[in-house]
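> what follows is a predicted protein model with its sequence.
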Amino acid sequence: MGSEKYHNSKKLMITADGGGSNGSRRRLWKTELQKFADETGLEITVCHLPPGTSKWNKIEHRLFSQITMNWKGKPLESYEIIVNLISSTKTRKGLKVKAVLDENFYKKGIKVTDAELKKVNLKKHEFHGEWNYTISKTVE
């Protein structure tokens, strides 16, 4: 969505929770980010919130609270209802939420080997490199 507005960007920064599928120790997360960096040429910096601190995640407080208030106890009976409720979320300060249903199939149980992980062009940051790192395009 941001490529039209920021078409000259060479860097992307992602803030992510410490757990789940995009956790700081997830091998697949890092190898897929490497693919994205290679496809786009973007330098991708990731800063994970420390484990157990999702309460600091501003998105959870600013976005999810607005979405929840928009639901107002409506039964979430279908994906269509959920996506429409999320998409209709707006605030007086100008927040407009976009949502689409991802109908792609994702294979479960993908294992990333040590050799595959070593191919990730990952540079750990000096401060908590296990949570903060930059992935750059693969050097050939």
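Good, I have the coordinates.
> low-confidence ranges, this protein, go.
1-2, 54-56, 59 (pLDDT under 70).
> what about the longest helix in it?
helix 27-40 (DSSP state H).
> residues making contact with whatever helix or strand comes next after it?
The C-terminal neighbour of helix 27-40 among helices and strands, as given by DSSP states H and E, is strand 43-48. For strand 43-48, contacts defined as CB atoms under 8 Å, 6 or more residues apart in numbering pick out 10-18, 23-24, 33, 36-37, 131-137. Where you see a C-beta, it was placed from the backbone N, CA and C, and this is true even at glycine.
> select only the buried ones of these in ChimeraX?
Only the buried entries of the contacts of strand 43-48 go into this ChimeraX selection, using 16 or more other CB atoms under 10 Å:
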select :12,16,17,18,24,33,37,131,133,134,135,136,137
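> now, which of the contacts of strand 43-48 lie within strands?
11-16, 132-135 (DSSP state E).
> distance to K107 added to these, as a markdown table?
Shown next, in a markdown table, are these (distance: CB to CB, whole Å):
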| residue | distance to K107 |
| --- | --- |
| K11 | 30 |
| L12 | 25 |
| M13 | 28 |
| I14 | 23 |
| T15 | 27 |
| A16 | 22 |
| N132 | 29 |
| Y133 | 25 |
| T134 | 27 |
| I135 | 22 |
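> biggest separation within those residues, which pair?
Across the ones in strands among the contacts of strand 43-48, no pair lies farther apart than K11 and A16, at 16.0 Å, counting by CB to CB.
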